[in-house]
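1. show me how the following folds:
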Amino acid sequence: MRRNGTGPDPERPASADGPGTTGRRSPTGEPGAADARTTDDGPGTTDALGADDGPGVTEPTSRADGAGATGDPDARWLALLMHAAFFLLLGASLARFLMRHPGETRTPWIIALSAVLAVLYLLGPVLGSRPTPRRLTWLGVLVVVWMVLVVLAPSFAWCAVPLFYTGLRILPPRAALALVALLTLFVVAAQLRLASGFDPNLVLAPPAVAAVATAVFVHMQRQTVRQRDLAARQRELIDDLLRTRRELAATERREGTLAERQRLSMEIHDTLAQGLSSQQMLLQAADRSWDTDPATARRHVLTATGIAERNLAEARRFVHDLAPADLAEGGGLEAALHALADRETAQARGGLTVRCHVEGVPAAPLPDRVQSALLRIAQGALANVTEHAEATVAALTLTHLDDRVVLDIADNGRGFGPGRPAPRPPEGVRGHGLPAMRARLQQLGGTLTVESAPGEGTVLSAAVPLSHTAAPPALEERA
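-> As a prediction, the model looks like this:
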């Protein structure tokens, strides 16, 4: 077999019938096609990388043709390189024909068909990326023009591989494979017709190249689909993560709101509610003795007035920072407990004596939360003693240990038995008491212990660890 450019030119037909040859689907080809297939590995190898192979060369997704249609910079530059390679091969094939066959009558037709092929190639991106009827018509016309050029000038067979990829990207799988097989048979037939003798390479090489190019394209296409599916799953996971974070944030806000409501309810119960309850009792007592004992009634009213002043101070502290008024005055927890004992004793007017004892010295100042919680517990416990215990003596004992601080509230009241719950106020009056104390200690990792027996009084013990290691809180009642 001769190569192009040696011996009789295979591009010169036996009879120059000009453009009329375009109307015949002659099985004859040109020996130059063998040379073209030998060197088609260049552009074919580049096409195997999965680049855009010209107009109409689109991914099976919504990615448009052309270099600028994709958002991937690497793919865009690779597509531009492939387009440049196509036009370079087309120009080189035309230049070879003009140099080898100057002045022939078919030369104007070759130039016109080359221009038509170039224009058709440029029209690909305009027609979109989906296999619409216009797109399929464009592909058919592009293939026919290429076939005519190959019949007239074998050098144009160099553009076969880009046409393979164009069909594979646009057509459905079976139709694309049929087109590849048709183009391959066309090239093989042309080579065999112009060869001087039978050459197995002319029969086996084009199908092998087409098979490898098709396999590489299908593999790249499947890789692209897998990557797209992976990206979609990643987006779904990210959306799920963002949705979970939003739900978690909403749950935390709800929990924070509920915790703040509980804290406020305990603050109000341990201060304003207890004060209002004491005022109610004093005013009721004053009303009963107003006519028979005006002096006693006047003392009850004065005591109620003092409690009202104290409640007003607590309410103002709520507006400011929700800190107990006794702690806000300075002096720490010890001073606040002493002030509480003196105030309760004065308000009872001889009915109840409250003493306060402090044992040990803290190694470090107690946290504000611990001081506030213990003071509120002492206030609530003394309110229960006043209203339910019928005691005459109560004692507050604050003990500083190495690892914890303990507050004991003891009274000599009537107490209660092990099988009987702690006294509770009537429904609608208050309703917190021991549960509120336990909730305060639970937030600090502390424990609440209640010891009582009928006729022997009650001892309530609140312990808060100083290591800030939250232990499971417990409420223990022992007789």
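
2. in a strand, that's where Ile409 is, yeah?
-> Yes: counting by DSSP: H, G, I helix; E, B strand; the rest coil, Ile409 falls inside a strand.

3. beta partners of it?
-> Following DSSP bridges, Ile409 is listed with bridge partners Leu396, Leu460.

4. can you show me the strands along the protein?
-> 353-359, 393-400, 404-411, 447-452, 458-465, 475-478 (DSSP state E).

5. just the angle for the fourth one relative to strand 404-411, thanks.
-> Relative orientation of strand 447-452 with respect to strand 404-411: 20 degrees, computed using axes from the mean of the first three to the mean of the last three C-alpha atoms, to 10 degrees.

6. what's strand 447-452 packed up against?
-> In terms of contacts (3 or more C-beta pairs under 8 Å, 6 or more residues apart in numbering; DSSP states H and E), strand 447-452 is packed against helix 434-444, strand 458-465, strand 475-478. C-beta: built from backbone N, CA, C; applies to glycine.

7. mind checking how far it is from the chain centre?
-> 47 Å (C-alpha atoms, centre = their mean, to the nearest Å).

8. and the first one, by the same measure?
-> Relative to the centre of its chain, strand 353-359 is centred 57 Å away, using C-alpha atoms, centre = their mean.

9. tell me the buried residues in that strand?
-> The neighbour-count check on strand 353-359 (16 or more other C-beta atoms under 10 Å) flags 354, 356, 358 as buried.

10. quick revisit: nearest to Glu344 among the helices and strands packed on strand 447-452 would be which one?
-> Closest approach to Glu344 among the helices and strands packed on strand 447-452 (C-beta to C-beta): strand 458-465, 15.0 Å.

11. and the closest one, what other elements does it pack with?
-> helix 368-384, strand 404-411, helix 434-444, strand 447-452.

12. switch the cut-off to 10 Å
-> helix 368-384, strand 393-400, strand 404-411, helix 434-444, strand 447-452, strand 475-478 (3 or more C-beta pairs under 10 Å, 6 or more residues apart in numbering; DSSP states H and E).

13. out of these, which gets nearest to Ala211?
-> If you check each of the helices and strands packed on strand 458-465 against Ala211 by C-beta to C-beta, helix 434-444 wins as the nearest, at 74.3 Å.

14. the closest one vs strand 447-452, what angle?
-> 150 degrees.

15. related to what we said a few turns ago, ok, of the buried residues of strand 353-359, which one's closest to Asp291?
-> Closest to Asp291, out of all of the buried residues of strand 353-359 and judged by C-beta to C-beta, is Val354, at 31.7 Å.

16. for the strands of the chain, which one sits closest to Val218?
-> The nearest among these, by C-beta to C-beta, is strand 458-465 at 68.6 Å.

17. what angle do helix 368-384 and the closest one make with each other?
-> 170 degrees.

18. CA atoms only for strand 458-465, dumped as PDB, please.
-> Below are the C-alpha coordinates for strand 458-465, written out as PDB (Å, rounded to 0.1, in the frame of the first residue of the first chain):
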ATOM      1  CA  THR A 458     -37.700  18.300 110.300                       C
ATOM      2  CA  VAL A 459     -34.100  18.600 109.000                       C
ATOM      3  CA  LEU A 460     -33.600  19.700 105.400                       C
ATOM      4  CA  SER A 461     -30.000  19.400 104.100                       C
ATOM      5  CA  ALA A 462     -28.800  20.900 100.800                       C
ATOM      6  CA  ALA A 463     -25.300  19.900  99.600                       C
ATOM      7  CA  VAL A 464     -23.600  21.400  96.600                       C
ATOM      8  CA  PRO A 465     -20.300  20.000  95.300                       C
END
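
19. same question for it, mean pLDDT?
-> Averaging pLDDT along strand 458-465 yields 94.

20. and the longest helix along the chain, what does it pack onto?
-> For the chain, the helix with the greatest residue count under DSSP state H is helix 200-268. On a contact count with 3+ C-beta pairs under 10 Å, 6+ apart, helix 200-268 meets helix 32-39, helix 41-47, helix 160-170, helix 173-194, helix 294-320, helix 368-384, helix 434-444.

21. how far does that helix sit from the chain's center?
-> So, by C-alpha atoms, centre = their mean, the centroid of helix 200-268 is 10 Å from its chain's centroid.

22. same thing with stretch 274-281?
-> Distance, centroid of stretch 274-281 to centroid of chain: 53 Å (C-alpha atoms, centre = their mean).

23. so what touches that stretch?
-> 268-269, 300-301, 303-312, 314-315, 344, 347-348, 379-380, 382-384, 386-387, 425, 429-430, 432 (C-beta atoms under 10 Å, 6 or more residues apart in numbering).

24. let's go with 8 Å and repeat that
-> Defining contact as C-beta atoms under 8 Å, 6 or more residues apart in numbering, one finds that stretch 274-281 is touched by 304, 307-308, 310-311, 314, 347, 379-380, 383, 386-387, 429-430.

25. return the item of those having minimum pLDDT.
-> The lowest pLDDT within the contacts of stretch 274-281 belongs to Val429, with 39.

26. flag the shaky bits of the stretch 1-150 of the chain, pLDDT-wise.
-> Scanning the stretch 1-150 of the chain with the threshold set as pLDDT under 70 gives 1-76, 78-79, 82, 129.
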